[in-house]
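*Asks:* below is the sequence, then the predicted model.
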Amino acid sequence: MKIAFVGSEVYPFAKTGGLGDVLGSLPKAIHKLDNDVKVFMPKYSCVDHDRYDLSYCWSIGEIPVRVYGKTHKINVYTTYLPNSTVDVYFIDYPPFYGRPLLYTNDADEDERFILFQKAVIESMQKMKWIPDVIHCNDWQTGLIPLYIKDNYSWDRMLDKTATLLSIHNIGYQGRFPKETLYKAEVRPQLFYENGPIEVWGSFCFLKTGIMYSDVISTVSETYAKEVTTSAYGEGLEGVLRHRINDFYGILNGVDYLVWNPETDKHIPFHYSKDDLNGKHKNKEYLLKSVHLPIKKDVPLIGIISRLVAQKGFDTFQDAVGELMKRNAQWVILGSGEERFEDLFRSLSYAFPDKVYTYLGFNNELSHLIEAGADMFLMPSRYEPCGLNQIYSLRYGTVPVVRRTGGLADTVLDWHEYLHRGFDTGTGFSFNHQNSEAIVSTLDRAIGTYNYKDAWNKIIQNGMSKEYSWEISAEKYMELYKKAVKNRKG
Ligand code: ADP
């Protein structure tokens with residue numbers, strides 16, 4: 001099949017979170033299954049032209065793309081996705097994508113991604129490469145399914161092209177004022193109360209994608225169930241229930257070429273489940289490099305996260321007084337809301353022997369924390385899939401998580417399984433979103449850390465788990481076939 005992946009971030013070119021990881025790895029797995037795959041993303045200023053050897057697509061040339069009645073001349077660059085022969089195409093338009101951040105609160109944020117989506121479709125037309133399926137990702141690509149069926153329906157070549165929309169986080173929907181309709185040049189008749197593109201008086205790109213794509217997916221089975229309820233659906237639960245027969249949950253995989261302690265190029269000491277010596281050395285190296293004292297038998301807890309309410313840091317804040325009384329050290333890497341940045345900054349001032357905080361994005365440090373920490377905390381309110389707990393399993397870093405979304409699907413609570421008579425647990429988890437639950441679960445983890453046999457068993461169980469993309473890629477192939485069938489229907 002011919003599959004086009006379209007998204008707003010692709011690792012290693014540009015990444016702010018899990019979406020980047022997925023678009024940097026799933027296309028390779030789909031390509032390995034003998035498909036013709038191309039990936040499309042914006043050419044942000046952070047994309048390192050020389051390092052990744054981008055070349056100008058002369059065969060495509062300059063394309064005039066219309067947004068809001070204005071014509072923007074876009075160009076296209078290309079290279080391979082590293083460690084593969086998958087083509088990646090970059091939509092170049094410096095006035096829109098040459099900004100310091102991938103996502104902005106600028107007044108033309110809607111136009112930036114309207115242009116991107118139209119430019120992707122028009123680049124395909126210009127290349128005469130018409131995919132069987134366009135795999136769209138998140139709100140930044142939510143208009144493509146509508147465009148294919150409506151604005152570009154004059155192009156008979158696109159008649160059979162099906163669309164699949166993957167929702168990586170329903171908390172981000174791309175809701176814009178009604179005027180955006182005119183920028184997007186979408187038929188105004190589609191905009192009415194509870195209409196296919198409207199949510200609470202706004203034009204919602206994600207809802208548009210859900211309504212018009214042939215199949216919809218999200219990134220874990222549990223999250224797929226959760227988002228059909230009002231507690232998790234962020235107002236789109238009704239639309240998803242409406243499309244329930246075409247809605248699926250597929251767990252994200254991991255690119256073990258990037259996240260593997262046996263080969264990781266960002267960590268000083270390699271290790272495997274048969275020899276954890278390197279892990280202990282990484283812990284020492286990490287503690288030294290962040291100027292925390294090396295203490296025997298004191299667990300090191302890692303956090304790598306966007307610092308936002310979704311990740312449960314309100315509850316963490318409620319629990320912090322108790323948590324700081326525990327005999328543990330902390331390394332935190334993240335950036336986000338000011339109140340959480342202030343919290344972690346002040347913790348590292350108040351507890352200089354216990355807490356180190358790095359505010360910002362640092363890929364190298366994220367690998368070192370995975371390799372050096374003993375535990376990894378994710379107290380998320382909701383977590384569509386979550387990747388760090390899966391990386392943690394492979395790095396022998398025991399996850400402590402709230403049981404929601406992909407966290408529920410990947411972390412088996414050690415004590416719960418012991419009660420059932422199995423020593424197959426891989427971490428520690430809790431249900432309730434409150435400070436008592438975080439504290440008591442971390443207490444269970446810290447208590448178990450002192451029983452070396454039990455702790456080693458948990459590490460071994462986690463490191464033996466396999467979340468490679470092969471299994472999930474097969475499931476996506478089934479969805480692509482279903483999307484094609486639905487499109488015909
Ligand atoms: P989300 O997509 O909601 O942010 P995921 O767990 O799915 O959460 O993916 C987060 C990805 O982003 C992981 O690869 C994680 O290591 C990375 N990440 C998050 N914050 C940082 C940071 N401050 N520095 C480096 N990597 C980060």
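*Replies:* All right, it came through fine.

*Asks:* any idea how far E284 is from the ligand?
*Replies:* Note on E284: its distance to the ligand, by Cβ to the nearest ligand atom, to the nearest Å, is 22 Å. Just so you know, the C-beta spots here come from the backbone N, C-alpha and C atoms, and that holds for glycine as well.

*Asks:* sec struct for S217, please.
*Replies:* For S217, the assignment made with DSSP: H, G, I helix; E, B strand; the rest coil gives strand.

*Asks:* extract the CA atoms of stretch 134-148 and return them as CSV.
*Replies:* Extracted in CSV, the C-alpha atoms of stretch 134-148 (Å, rounded to 0.1, in the frame of the first residue of the first chain):
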residue,chain,number,x,y,z
ILE,A,134,-3.3,9.4,4.5
HIS,A,135,-2.5,8.8,8.2
CYS,A,136,-3.3,12.1,9.9
ASN,A,137,-2.1,12.9,13.5
ASP,A,138,-3.8,15.3,15.9
TRP,A,139,-5.6,18.5,15.3
GLN,A,140,-2.9,20.0,13.1
THR,A,141,-4.0,17.5,10.4
GLY,A,142,-7.7,17.3,11.2
LEU,A,143,-8.9,19.2,8.1
ILE,A,144,-7.2,16.8,5.7
PRO,A,145,-10.0,14.2,5.8
LEU,A,146,-12.6,17.0,5.0
TYR,A,147,-10.4,18.6,2.3
ILE,A,148,-10.0,15.2,0.6
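
*Asks:* would you mind listing what in the protein touches the ligand?
*Replies:* Within reach of the ligand by Cβ under 6 Å from any ligand atom, the chain has these residues: 17-19, 21, 169, 304-306, 333-335, 361-363, 366, 385-388.

*Asks:* from those, keep the buried residues only.
*Replies:* By neighbour count, with 16 or more other Cβ atoms under 10 Å, the residues of the chain next to the ligand hold 18-19, 21, 169, 304-306, 333-335, 366, 385-388 as buried.

*Asks:* sorry, back to before: okay, and which of the residues of the chain next to the ligand map to helices?
*Replies:* Counted as lying in helices by DSSP state H, out of the residues of the chain next to the ligand, are 18-19, 21, 363, 366, 388.

*Asks:* circling back: quick check: the farthest pair among the buried ones among the residues of the chain next to the ligand?
*Replies:* Within those, two members stand farthest from each other by Cβ to Cβ: S335 and C385, at 20.5 Å.

*Asks:* next one, pLDDT for the nearest residue to S289 once chain neighbours are set aside please.
*Replies:* Ranked by Cβ to Cβ, 6 or more residues apart in numbering and with sequence neighbours excluded, the top spatial neighbour of S289 is L368, at 7.6 Å. The score at L368 is 98. That number is its pLDDT.

*Asks:* name the next helix or strand downstream of the helix or strand L368 falls within, please.
*Replies:* For L368, the host element (DSSP states H and E) is helix 363-372. Per DSSP H and E, the first helix or strand lying C-terminal to helix 363-372 is strand 375-378.

*Asks:* chain center to that next one, what's the gap?
*Replies:* Relative to the mean C-alpha coordinate of its chain, strand 375-378 is positioned 17 Å out (Cα atoms, centre = their mean, to the nearest Å).

*Asks:* picking up where we left off before, and which of the ones in helices among the residues of the chain next to the ligand is nearest F422?
*Replies:* Taking Cβ to Cβ as the measure, F422 lies nearest N388 of those, at 24.9 Å.

*Asks:* for that closest one, what are its contacts?
*Replies:* For N388, the contact set (Cβ atoms under 8 Å, 6 or more residues apart in numbering) comprises 304-305, 370, 376, 378.

*Asks:* closest residue of the chain to the ligand?
*Replies:* The nearest approach of the chain to the ligand comes at G18, 2.3 Å away (Cβ to the nearest ligand atom).

*Asks:* and that residue, how far from I459?
*Replies:* Per Cβ to Cβ, to the nearest Å, G18 is found 24 Å from I459.

*Asks:* again, but for W139
*Replies:* Noted for W139: a distance of 38 Å to I459, by Cβ to Cβ.

*Asks:* who has more neighbours, these two?
*Replies:* Taking neighbours as other Cβ atoms under 10 Å, W139 and I459 compare with W139 leading, 25 against 20.

*Asks:* I'd say that one and G174 touch.
*Replies:* Yes: applying Cβ atoms under 8 Å as the test, W139 and G174 come out as touching, 3.0 Å apart.

*Asks:* where does Q125 land in three-state SS?
*Replies:* Assigned by three-state DSSP, the conformation of Q125 is helix.

*Asks:* pLDDT value on it, please?
*Replies:* On pLDDT, Q125 comes in at 98.

*Asks:* D453 too?
*Replies:* D453 carries a pLDDT value of 97.

*Asks:* likewise T78?
*Replies:* T78 is assigned 98 on the pLDDT scale.

*Asks:* surely it touches I91?
*Replies:* No: here T78 lies out of contact with I91, judged by Cβ under 8 Å, at a distance of 10.8 Å.

*Asks:* neighbour-wise, which of the two wins?
*Replies:* Neighbour count, other Cβ under 10 Å: between T78 and I91, I91 has more, with 25 against 17.

*Asks:* next, the buried residues of whatever helix or strand the more buried one lives in.
*Replies:* If you go by DSSP H and E, I91 is part of strand 87-92. Neighbour-count burial for strand 87-92, counted by 16+ other Cβ under 10 Å, picks out 87-92.
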